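what follows is a predicted protein model with its sequence.
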Amino acid sequence: MTGSLVADRAVPLALDPSPATAANEIFVCRDLRYAYLERFTALDGVSLTLSHGEKVALLGANGCGKSTLLKILDGLVFPDSGEFRAFGEPVTEASMEDEQFAMGFRSRVGFIFQNSDAQVFSPTVRDDIAFGALQLGWSRGKVEQRVDDVLAMLEIPHLADRAPYQLSGGEKKRVAIAGVLVMNPDVLLFDEPTAALDPRAQDWLTELIVDLNRAGKTIVLATHDLDVLNVIADRCLVFSDAHRIVAEGSPSEVLADRDLLLSVNLIHEHSHMHRGEAEGHVHEHGPEHHDEDRSARG
Amino acid sequence: MHIPDGYLSPQTEAVFAAAMVPVYAAAARGVRKVVKSRSVPLMAIGAAFSFLVMMLNVPIPGGTTAHAVGAVLIAVILGPWAAVIAVSIALLVQALFFGDGGVLAFGANAFNMAFVMPFVGYAVYRFVARGSSLTSPKRALAAGIGGYVGINAAALCAAIEFGLQPVLFHTADGTPLYAPFHLSQTVPAMMLAHLTVAGLAEFAISLGVVAYLQRANVPVLRLNAPNAAVTDAELARRSRIPAWGWALIGLGALLVITPLGLLAPGGAFGEATPQNLDLAKYGLRTVPLGLEKWSSFWSHAVLGGYGFHSGDHRVVGYMVSAVTGIVVIAIIGLLVALAVKAASGIVRARRRLADRRQPATATRPVARAASRAPARRVRTGSGGRHEPAWLFQSELALCPCGCIGIRKKGSFLEKTLTGTSNVMRQAMFSEDVATQQGFLQRIDARVKIVTLLALLIVTALLRSVPALLAMYGLTLVLAGTSALPLGFFVKRVWLFIPIFTGIVVIPAMFSFVTPGHVVVPLWDWHGHTVGLTAQGLRGAALIVTRVATSISLVVLLTLTTPWAKLLAALRALAVPKVFVLVIGMAYRYVFLLLNAVTDLFVARKARTVGNERDHRTGARFVSSAAGALFGKSHALSEEVHQAMTSRGYRGDARTLSGFHVGLLDLAFIAGALVVAVVALGGDRLLGR
């Protein structure tokens, strides 16, 4: 356990190891196994613990089980065997049948899918962003206020009345994120957030993820983007092709271990890392930026 | 086969709309049982798929193209109840948002294409495919035959609906008020078109998509047949109760209870002779013309009246008649089954032949790009990758200067691509117009829907051409005050349905279709003057103006209302929330699938050198495209369901909606009421 953080700490000290306490643990997975159609293994004995305020990256080649793990963490699919506990409670098909528990879980965990087209399913942007907030049973006034806040925060008020088919890929991603943020979840799960975005949109999203984490959100992301790993993660979990976690460590430790990355088919033997450049990407924000984030949370 | 507004009387439309209500109630229950909470995204994407299938032009023998409806295909994959909902929503989206098929005629269209078609087609499919495994060629063929029979059943229904109009709805002097042709004309005309052209397209797409899914995506085929054996080998291992055994038991039971029919009071309406009919009971004052004419036509029945003519041995006679009927139908069925077996044998033999030919085609230069045959010569690339040598040689194409030859216009690729881009353009344009500042744009969407619907009904009830023309004038005024360029509005309305209607009704102006007072005599035929009749001319003018006015009203509604508002208005007007959710999602995903289709067709076009000569490869491509699309759609619906669940959806969606009715809206309602009263009153005065 490398980078667990105390909830109210504004600036994360990414590599500062502090002892994890049980109160800090939000997700605990023990020996998860899952196979699609009872035939195609996706997870083969995966255990992990996530603490409040962490930024955790799941690394691994295509098809190694990252997305499946995210779906389990979001209570969308349930493991064939093993245990998943969230906020101290077991998450099972039966416990999710309980409306109160399910709504509590859904309001605290948000999932940004890789395919924004699947996630933005409503007739207009405003309807789509409001969807999750309305399911929580909030009043219309509160929902409308929140939708306006989150539209402003993500700089997309001009898209509010557009139909999803009129949006570009980057705009669709912003709308998908807005639809999750409006519910103000504690934990944000991202499935390949920067995939298929142009460099500017990638930078914007990287910055947003860092800001959200500073605002106290726990971040879990599946990614192939090794260049910004140092910025978007405190801790990396590396999956092998055998659908297991084979390594864990800080981004610098993982990126330095070339043999590891080769063995899990994450890099090609001809590729080389631009480590220095990646670290040069880190940029600082003034305190006023944090204040903005905090007000956006409310 | 999309019936526009104005072809059918409002009474007919009301009957069909009412008939669909219990169908939808049953469908909602049937679907819930099969797909549970996944139903919303699955139905939505099924509807989007159905919409898309109606846009795919399938090349058929003879160089023409036609589009399929896809109702039987959806029934085969998702079950007939799901097809009812998916096709209905596709029809609704077409009618409301793209002006294809009438709004008042929605019930009749849904009855034909979303109810009769999937159920008839699915029954045929089940019958032909019974006892076969999921991947057997017989199943694909069964889907094709089901599609063929299904679309023809739907066409027959439409023909009957048209053909009954002049018989049931005409003025005192015999002017037809709606569609002017009689059954004896509509049935042959519709059936000829569907038995030959449209039926073949439906056959090709239903067979092709199932065959594609058998090769590429068997899990999708399992959705509606979870227990079926996948391969013939697996089938052979299972011991089964033969399906025909159950059929025989069912038939036997039916046979035993047939005499129950004798207990029922009266006969089936329309089956007995006119003399035995108590028409007053049905609110009819005259015997329908067709019934009177044709009831004496067939008097050679072998077992006339089912009772050996005398009433002495009623029960025995009834039973003997039933047995004879079953035997005759069984013989016909057996013959059909034998024909099918022979045909599927041919298909299998051809497939084997094609497999054997495969290596030969791989060396043909045009086919090479698409072929998966392994390259023999390879070179080793930088990454140790084996790269076929041909990839690095320039190959002799037809001509490097680009003079590849003139491509014939109107290939199925071009037609489909034009169609999809038109839908996109139309949708974008509607959204632009809807956000402009105009009179109708300022009216509350709910008020607009209700009043325009009321005016649509008024239009359907009008019986004089001047009244209809006045109504049409009103739509022009509304268009003018709502920032709609008049030239565009007129063109959009008249192309293509009213002009098509005008051409189709030309024969109805003549005395041989619409008898009456001949005003333009043309020639003599056995002492009768043949020519244009006053009734015929008035009838033709009535239907053309009525169709144009109805379409104008619908176009006014859709062009001045952003469709999100239209949806919200439907919701506010007590349309069940789940339906509105499905319609909204279907519309949203139509565009996604539209892009997928465009990509597929552009990719195909890019690889098509010269002209597509063989309609069979073309048809196979279109059905593979549709099949791939279906697989994609299904995966997408799963993902959408997860995305909804992740944001707290538990089967009962809550949605934003806010309305407010202002002074302008009330004034608009009052105005519409005045128009309705004046129009109907004036029409009755003129009609006297």
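Nice, thanks for sending it over.

keeping just the C-alphas, turn the helix or strand that B:Thr418 is a member of into PDB.
According to DSSP states H and E, B:Thr418 maps onto helix B:412-434. The C-alpha trace of helix B:412-434 is given here as PDB (Å, rounded to 0.1, in the frame of the first residue of the first chain):
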ATOM      1  CA  PHE B 412     -28.200   0.000 -54.200                       C
ATOM      2  CA  LEU B 413     -25.100   1.600 -52.500                       C
ATOM      3  CA  GLU B 414     -25.800   5.000 -53.900                       C
ATOM      4  CA  LYS B 415     -29.500   4.800 -53.100                       C
ATOM      5  CA  THR B 416     -28.900   3.800 -49.500                       C
ATOM      6  CA  LEU B 417     -26.200   6.400 -49.000                       C
ATOM      7  CA  THR B 418     -28.400   9.100 -50.400                       C
ATOM      8  CA  GLY B 419     -31.200   8.000 -48.100                       C
ATOM      9  CA  THR B 420     -29.100   8.000 -45.000                       C
ATOM     10  CA  SER B 421     -27.600  11.400 -45.700                       C
ATOM     11  CA  ASN B 422     -31.100  12.800 -46.500                       C
ATOM     12  CA  VAL B 423     -32.400  11.700 -43.100                       C
ATOM     13  CA  MET B 424     -29.400  13.400 -41.400                       C
ATOM     14  CA  ARG B 425     -29.900  16.600 -43.400                       C
ATOM     15  CA  GLN B 426     -33.600  16.600 -42.700                       C
ATOM     16  CA  ALA B 427     -33.100  16.200 -39.000                       C
ATOM     17  CA  MET B 428     -30.500  19.000 -38.900                       C
ATOM     18  CA  PHE B 429     -32.800  21.300 -40.900                       C
ATOM     19  CA  SER B 430     -35.800  20.600 -38.600                       C
ATOM     20  CA  GLU B 431     -33.800  21.400 -35.600                       C
ATOM     21  CA  ASP B 432     -32.700  24.700 -37.200                       C
ATOM     22  CA  VAL B 433     -36.200  25.700 -38.200                       C
ATOM     23  CA  ALA B 434     -37.600  24.700 -34.800                       C
END
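
spatially, which residue comes closest to residue 138, not counting chain neighbours?
Reading this off chain A. In space, and not counting its chain neighbours, A:Trp138 is closest to A:Arg146: 7.7 Å by Cβ to Cβ, 6 or more residues apart in numbering or on different chains. (Each C-beta comes from the backbone N, C-alpha and C, glycine too.)

wait, chain B
B:Lys138 sits nearest to B:Ser132 (Cβ to Cβ, 6+ apart), 4.2 Å away.

I'd assumed the one you found was in a helix, is it?
No: counting by DSSP: H, G, I helix; E, B strand; the rest coil, B:Ser132 is not found in a helix; it is coil.

which phi and psi does it have?
When read as degrees, to the nearest 10, the backbone of B:Ser132 gives phi -110, psi 160.

list the contacts for it?
By Cβ atoms under 8 Å, 6 or more residues apart in numbering or on different chains, the contact set of B:Ser132 is B:138-139, B:142, B:232, B:235.

which of the residues you listed fall within helices?
Judged by DSSP state H, the contacts of B:Ser132 include B:138-139, B:142, B:232, B:235 as members of helices.

dump the residue contacts of whichever residue of the stretch 151-298 of chain A sits closest to chain B.
Nearest residue of the stretch 151-298 of chain A to chain B (Cβ to the nearest Cβ) works out as A:Tyr165 at 3.6 Å. Taking Cβ under 8 Å, 6+ apart, we find A:Tyr165 in contact with B:588, B:591-592.

re the thing from before, ok, and what's touching the helix holding B:Thr418?
Against helix B:412-434 from outside (Cβ under 8 Å, 6+ apart): A:163, A:166, B:55-59, B:65, B:97-98, B:441, B:483-484, B:558-563, B:565, B:590-591, B:594, B:597-598, B:601-602, B:604-605, B:608, B:612, B:618, B:622.

now do stretch A:168-176
Around stretch A:168-176, the neighbours that count as contacts under Cβ under 8 Å, 6+ apart are A:112-113, A:116-117, A:119-120, A:125, A:128-129, A:154-156, A:159, A:164, A:167, A:193, A:196-198, A:200-201, A:204-205.

which pLDDT value goes with B:Leu42?
B:Leu42 is assigned a predicted lDDT (pLDDT) of 76.

next SSE after the helix or strand B:Pro188 falls within?
Applying DSSP H and E as the criterion places B:Pro188 in helix B:183-193. Moving toward the C-terminus from helix B:183-193, the next helix or strand (DSSP H and E) is helix B:199-216.

and that next one with helix B:412-434, angle?
In terms of direction (axes from the mean of the first three to the mean of the last three Cα atoms, to 10 degrees), helix B:199-216 departs from helix B:412-434 by 100 degrees.

next SSE after helix B:199-216?
Heading C-terminal from helix B:199-216, the first helix or strand you meet, by DSSP H and E, is helix B:218-222.

and A:Ile267, its phi and psi?
Main-chain torsions, A:Ile267, degrees, to the nearest 10: phi -130, psi 160.

just the helices in chain A please.
Going by DSSP H, chain A shows helices at A:66-73, A:93-97, A:99-108, A:116-119, A:125-135, A:140-153, A:169-181, A:199-214, A:229-232, A:251-256, A:258-263, A:275-280, A:287-297.

how about the closest residue to B:Leu556 other than its chain neighbours, what does it touch?
Nearest in space to B:Leu556, with sequence neighbours left out and distances taken as Cβ to Cβ, 6+ apart, is B:Leu478 at 5.6 Å. Taking Cβ under 8 Å, 6+ apart as the criterion, B:Leu478 is in contact with B:439-440, B:556.
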